[in-house]
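K.L.:
Provided below for reference: sequence and predicted model.
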Amino acid sequence: MTLRLWQGTVLPRWLDYNGHMTEYRYLQIFGEISDALYGLIGVDFGNAADGAFYTLESHIRHLKECGPGTSLFTETEILAHDDKRLHLLHRLFDTQGTLLATGEHLSIHVRSGKVASADTDIQRRIAEIFAKMAGRPPPDATGSVLKRPLANGRKAG
């Protein structure tokens, strides 16, 4: 199982001097996907001081170019989690199914400016989503942002 949390089209203002989607737009898309996931698991963005996730580290692989008007969609997996951290993988595709980029991210839960466990409802929602993904080995080319395993993680095949 993967989550489809974002779709869109490459806009002309997203292009670099070569006529391709510029590199920072990939990070923007992956950030929007992370926010969509955080909303799905119950983060209240209006009260982020009461608990929200912040990205600690990201690793983006740019695999194929995309130009103006390219229709895009994403897939997201939770690779691992514990009470404070989320290890995520986002994949960006065009509508023909070509993998254009991956974004691997490690996020941490913060409350009132300090690292803190996510509340039990958020942890439960994360665990429910993760359980649907946990039977598979981690995708290829992951592990760039996490050197020490989290309590709940997928094991290599």
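P.N.:
All right, it came through fine. Please read all numbers here as calculations on a predicted model, not as lab measurements. Residues are numbered from 1 along each chain as shown.
K.L.:
So which residues of this protein form strands?
P.N.:
Secondary structure of the chain by DSSP state E: the strands cover 7-9, 52-62, 71-81, 85-94, 99-111, 114-115, 152-153.
K.L.:
Sheet partners, orientation included, of the helix or strand of the chain with the lowest mean pLDDT?
P.N.:
Least confident helix or strand, the chain: strand 152-153 with a mean of 82, by mean pLDDT, DSSP states H and E. When pairing is defined by DSSP bridges, strand 152-153 lines up against strand 71-81 (antiparallel).
K.L.:
For the partner strand, buried residues please.
P.N.:
For strand 71-81, a neighbour-count test (16 or more other Cβ atoms under 10 Å) marks 72, 74-81 as buried. Heads up, the C-betas are built off the backbone N, CA and C, glycines and all.
K.L.:
Distance to Gly19 and pLDDT for those - can I get that in CSV?
P.N.:
Converted to CSV, these look like this (distance: Cβ to Cβ, whole Å; pLDDT from 0 to 100):
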residue, distance to Gly19, pLDDT
Leu72, 16, 98
Thr74, 22, 98
Glu75, 26, 97
Thr76, 28, 97
Glu77, 31, 95
Ile78, 35, 96
Leu79, 34, 93
Ala80, 38, 93
His81, 39, 96
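K.L.:
before we move on, the earlier item: which other residues reach the least confident helix or strand of the chain?
P.N.:
The contact list for strand 152-153 (Cβ atoms under 8 Å, 6 or more residues apart in numbering) reads 79-82, 87, 127, 130, 134, 138.
K.L.:
Of all pairs in the residues you listed, which one is the farthest apart?
P.N.:
Maximum pairwise distance in the contacts of strand 152-153, criterion Cβ to Cβ, is 17.5 Å, between Ala127 and Pro138.
K.L.:
and the closest residue in space to Leu3 that isn't next to it in sequence, what is it in contact with?
P.N.:
Once flanking residues are discounted, Leu3 sits nearest to Thr76: 4.4 Å by Cβ to Cβ, 6 or more residues apart in numbering. Applying Cβ under 8 Å, 6+ apart to Thr76 gives the contacts 2-5, 33, 37, 88-91.
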